[in-house]
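Asks: mind looking at a prediction? Sequence and model below.
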2 protein chains.
Amino acid sequence: MFQQAHHISFDLPGWLEPYSQDYMPGTDLKSRMDFVISASRKNVEEGTGGPFAAAIFEIETGELVSLGVNLVMTQGMSFLHAEIVALAVAQRKLGCYDLGEVTATRYELLSSTEPCAMCLGAIPWSGIRQVVTAARDEDARAIGFDEGAKPENWIQSLKSRDINVLADIERESARSVLQLYNLQEGHIYNAE
Amino acid sequence: MFQQAHHISFDLPGWLEPYSQDYMPGTDLKSRMDFVISASRKNVEEGTGGPFAAAIFEIETGELVSLGVNLVMTQGMSFLHAEIVALAVAQRKLGCYDLGEVTATRYELLSSTEPCAMCLGAIPWSGIRQVVTAARDEDARAIGFDEGAKPENWIQSLKSRDINVLADIERESARSVLQLYNLQEGHIYNAE
């Protein structure tokens, strides 16, 4: 007899909420990105997933809405990239699948590495108004991660949907986390 | 004080498992697709989500592994497209984030409509070996759904990763479900 789960869930690492409580809301974009990159480093150090983190903030106030990290291996589902996790937590918290219509508040996604093809595709569906990235696609590819087939000029593609993009914010710092993961021989979990 | 959930979950509709128990494993691709398209219709009729369904099968035997439907509005998260739901359920069931390495068994994803940009990006990360689609991108766009910015020639792009693609299987039947949804003035939930 066919059976499948009718309840699917995943858990965020225990260190994530206490870590986030130290975040001080500010309007400085680099400080927000430092917070995200440090979370990606902590995800490696704690052994809770791949070397990626992403967070949702209120654009105007810098208030943190959600922090996600890569959970592919530890939670066993291939779509649990940091960006998807951050979106899931934010949408649950704000009670809406479209962050563009919650209130007048505008939300941004900060990602420690340029989103892969899947996460790029997920962004327009989320209601996010701004995307900010640190390490580049090529930095992830340099240590063996596959980023997928993205549309040519993904930045322009998002901008044409009124989603602003700011790239290369603290790129070197985010690259150093990817390199740390590589040095530690962290598992590169591309599908077979 | 900053707080966020550390447990995220979603539920599949109650009708889904009993519906799936009527599926008879077979090697006929059209029969498998009919099963998926009927699930997309039932998702509309039951009011449990958008007019889309997707399922994972063992390619060789036609054995059903998981059935997913679109849950964006009813479960409140923008990435809960039918394909992602089907992958989540299958990966949980088989205990691995990479369906390409579970066993020697090869898995396929059947989707009632061509995957959007996000779901296309998700496919290579899942270990799926074959993608089969019914309605086309343009059929979804015709009733107002946004499909996102896909790579040019997405079929070739998947094939270059050794993922086979079969398109237009029972297209008219799947289109009729999209048109039913449109006639019933079903909500087109593109982000604002």
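Replies: Received it, and whenever you're ready, just let me know what you need.

Asks: can I assume A:C119 is in contact with A:F79?
Replies: No - if you go by C-beta atoms under 8 Å, A:C119 and A:F79 don't touch, sitting 9.1 Å apart. The way it works is simple: take the backbone N, C-alpha and C, and place the C-beta from them, glycine included.

Asks: who has more neighbours, those two?
Replies: Shown here are A:C119 and A:F79; by other C-beta atoms under 10 Å in any protein chain shown, A:C119 has more neighbours (30 against 26).

Asks: list the residues that contact the closest residue to the more buried one other than its chain neighbours.
Replies: Of all residues not flanking A:C119 in the chain, A:E83 sits nearest, at 4.0 Å (C-beta to C-beta, 6 or more residues apart in numbering or on different chains). Contact analysis of A:E83 by C-beta atoms under 8 Å, 6 or more residues apart in numbering or on different chains lists A:A54, A:G68, A:L109, A:S111, A:P115, A:C119, A:A122, A:I123.

Asks: so which residues of chain A form strands?
Replies: With DSSP state E as the criterion, chain A has strands at A:7-11, A:53-58, A:64-69, A:107-113, A:130-135, A:164-166.

Asks: to chain B, which of those lies closest?
Replies: Chain B sits nearest to strand A:7-11 of all the strands of chain A, at 3.4 Å, using C-beta to the nearest C-beta.

Asks: tell me the buried residues in that closest one?
Replies: When burial is assessed from 16 or more other C-beta atoms under 10 Å in any protein chain shown, strand A:7-11 yields the following buried residues: A:I8, A:F10.

Asks: mind listing the strands it pairs with, and their directions?
Replies: Strand A:7-11 pairs in its sheet with strand B:7-11 (antiparallel), by DSSP bridges.

Asks: between the strand it pairs with and strand A:64-69, how big is the angle?
Replies: Strand B:7-11 and strand A:64-69 are oriented at 90 degrees to each other (axes from the mean of the first three to the mean of the last three C-alpha atoms, to 10 degrees).

Asks: give the residue spans of chain A that score low on pLDDT.
Replies: A:102, A:191-192 (pLDDT under 70).

Asks: for the strands of chain A, which one sits closest to B:D28?
Replies: Among the strands of chain A, strand A:7-11 comes nearest to B:D28, with 29.2 Å by C-beta to C-beta.

Asks: skipping adjacent residues, who's closest to A:V69 in space?
Replies: Once flanking residues are discounted, A:V69 sits nearest to A:N43: 4.2 Å by C-beta to C-beta, 6+ apart.

Asks: please enumerate the helices of chain A.
Replies: Using DSSP state H, the helices found in chain A span residues A:16-21, A:29-45, A:72-75, A:82-94, A:117-126, A:137-142, A:154-159, A:171-183.

Asks: packing partners of the first one?
Replies: For helix A:16-21, the helices and strands in contact under the criterion 3 or more C-beta pairs under 8 Å, 6 or more residues apart in numbering or on different chains; DSSP states H and E are helix A:29-45, strand A:64-69.

Asks: for the closest residue to A:G26 other than its chain neighbours, give me its contacts.
Replies: Closest residue to A:G26 apart from its sequence neighbours, by C-beta to C-beta, 6+ apart: A:G62 at 4.9 Å. Neighbouring residues of A:G62 by C-beta under 8 Å, 6+ apart: A:P25, A:G26, A:T27, A:D28, A:S31, A:R32.

Asks: the same query, at a cut-off of 10 Å, please.
Replies: By C-beta atoms under 10 Å, 6 or more residues apart in numbering or on different chains, the residues touching A:G62 are A:Y23, A:M24, A:P25, A:G26, A:T27, A:D28, A:L29, A:S31, A:R32, A:F35, A:E108.

Asks: which one among the residues you listed gets closest to chain B?
Replies: The closest of these, once distances to chain B are taken by C-beta to the nearest C-beta, is A:Y23, at 6.5 Å.

Asks: isn't A:N153 right next to B:E152, touching?
Replies: No - the criterion here is C-beta atoms under 10 Å, and A:N153 misses it with B:E152 at 12.0 Å.

Asks: ok so, going back, got a list of what the residue nearest to A:V69 touches?
Replies: A:13, A:15-16, A:19, A:49-53, A:68-71, A:74, A:82, A:112, A:177, A:181.

Asks: can you check A:N153 too?
Replies: Per C-beta under 10 Å, 6+ apart, neighbours of A:N153: A:K159, A:S160, B:A149.

Asks: quick one, phi/psi of the last one?
Replies: Pointing back at B:A149 there. Per-residue torsions, B:A149: phi -90, psi 100 (degrees, to the nearest 10).

Asks: can you go through the contacts of A:N43 and name the buried ones?
Replies: Applying 16+ other C-beta under 10 Å to the contacts of A:N43, the neighbour count classes A:13, A:16, A:19, A:49-53, A:68-71, A:74, A:82, A:112, A:177, A:181 as buried.

Asks: touching, A:Q179 and A:A142? I think so.
Replies: Yes - contact between A:Q179 and A:A142 holds when scored by C-beta under 10 Å: they sit 8.5 Å apart.

Asks: mutual contacts of these two, please.
Replies: Joint contacts of A:Q179 and A:A142 (C-beta under 10 Å, 6+ apart) are A:A135.

Asks: much appreciated, bye for now.
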